[in-house]
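Novice: model this:
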Amino acid sequence: MGNADLRDLASIREVAFEELEGSVVAVDAHNWLYRYLTTTVKWTADRKYTTDDGVEVANLIGVVQGLPKFFEHDLVPVMVFDGAVTDLKADEVAARREQRERAEERRAAAEERGDAVEAARLEARTQRLTDTIQGTTRELLRLLDVPIVEAPAEGEAQCAHMAATGTVEYAGSEDYDTLLFGAPYTLRQLTSKGNPELMDLEATLADLGLDRRGLVDVAMLCGTDFNEGVRGIGPKTAVKAIREHGDLWGVLEARDKEIPNAAAVREFFFDPPVADVEFDSTIEPDVPAAREYVIDEWGIDPDEVARGFERIEESQVQTGLDRWT
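Specialist: Numbers count the residues shown, from 1 in each chain. Modelled structure (predicted):
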């Protein structure tokens, strides 16, 4: 969502990795990658991920550091990349661009006054998924034999569709849109230390006494990536209002408010562009080729990826042993 209001409403619990072993997860790749990209930029000297001609590929460090978490717990990640940006999201994209530009201005000012810590923090905020980052990420994932899915539009919608149709067991995203798009189960905190969180759609609806359409209406009243919310309405107020007035239209009429393109936004959550896909969930990473690609072709500091590659190799050995026990 455009905000985290659903955090207050969703049924979320911590789940042990042991409960997830052997599962396949459709991961919102842009969401996952961006978090590792910004973390790498914030905490790593730029010379360690910048080529001789000035191209930044911090994503390669992020991927190598992030994938072992899946492999070590016998989880198969299917990386789902965003496709075309829907017109409904144009305002959100423009707002994010403005935020990056403001952060870039503040970063330059921090560098001028010699505040390296603040400059690094703001540099992380200016990151975007360039064509080079997109291409090199896909190639590294290919070398590591991680399945890739190209979504027709929103990655979260594609992840939710794959989970809802049983193509995978879970959607994986830090955002809450998968809940609105109908994913039965979503794993969150896949980029954090410790156990992930499990977000349960059916339990959420039962707790709130709403159906999924009612939940979408609640989200729209609060605000999503596709629409501004109604001023003064938070998550608990929205739930109460939907229960009282029946649906989004009843609430808007009662409050004499309007949400532009409300019908289109509402329908988008129920019928987004998605595709039925097939993939091989047996992963056999070519670590030597991946290491050569990252270090030799793109000049990444070997020390930054050494442990990540070691963990990937160790996880494959352990997985092989587990299959024979």
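Novice: can you list the buried residues in stretch 202-216?
Specialist: Residues 203, 204, 205, 208, 210, 212, 214, 215, 216 are the ones in stretch 202-216 that count as buried (16 or more other C-beta atoms under 10 Å). Bear in mind the C-beta positions are built from the backbone N, C-alpha and C, glycine included.
Novice: so which of the residues you listed belong to helices?
Specialist: Among the buried residues of stretch 202-216, the residues falling in helices (DSSP state H) are 203, 204, 205, 208, 212, 214, 215, 216.
Novice: that's a strand at residue 284, yeah?
Specialist: No - counting by DSSP: H, G, I helix; E, B strand; the rest coil, residue 284 is located in no strand; its state is coil.
Novice: quick check: it touching residue 145?
Specialist: Yes - counting by C-beta atoms under 8 Å, residue 284 touches residue 145, with 5.2 Å between them.
Novice: okay, strands next: where are they in the stretch 51-200 of the chain?
Specialist: For the stretch 51-200 of the chain, the strands defined by DSSP state E, counting those that start in this stretch cover 76-81, 148-150, 170-172, 185-188, 197-200.
Novice: what does the longest one rub up against?
Specialist: So the one you mean is strand 76-81. The contact list for strand 76-81 (C-beta atoms under 8 Å, 6 or more residues apart in numbering) reads 23-30, 32, 67, 70, 134, 138, 141, 146-151, 155, 158-159, 162, 168, 172, 279, 281, 283.
Novice: how about the helices in the stretch 1-150 of the chain?
Specialist: Assigned by DSSP state H, counting those that start in this stretch, the helices in the stretch 1-150 of the chain fall at 29-43, 58-66, 68-71, 90-112, 116-125, 131-143.
Novice: could you tell me the least trusted of the ones you listed?
Specialist: Per-stretch mean pLDDT for the helices of the stretch 1-150 of the chain is lowest at helix 116-125 (a mean of 44).
Novice: neighbours of residue 32, just the number please.
Specialist: Number of residues near residue 32 (other C-beta atoms under 10 Å) recorded here: 23.
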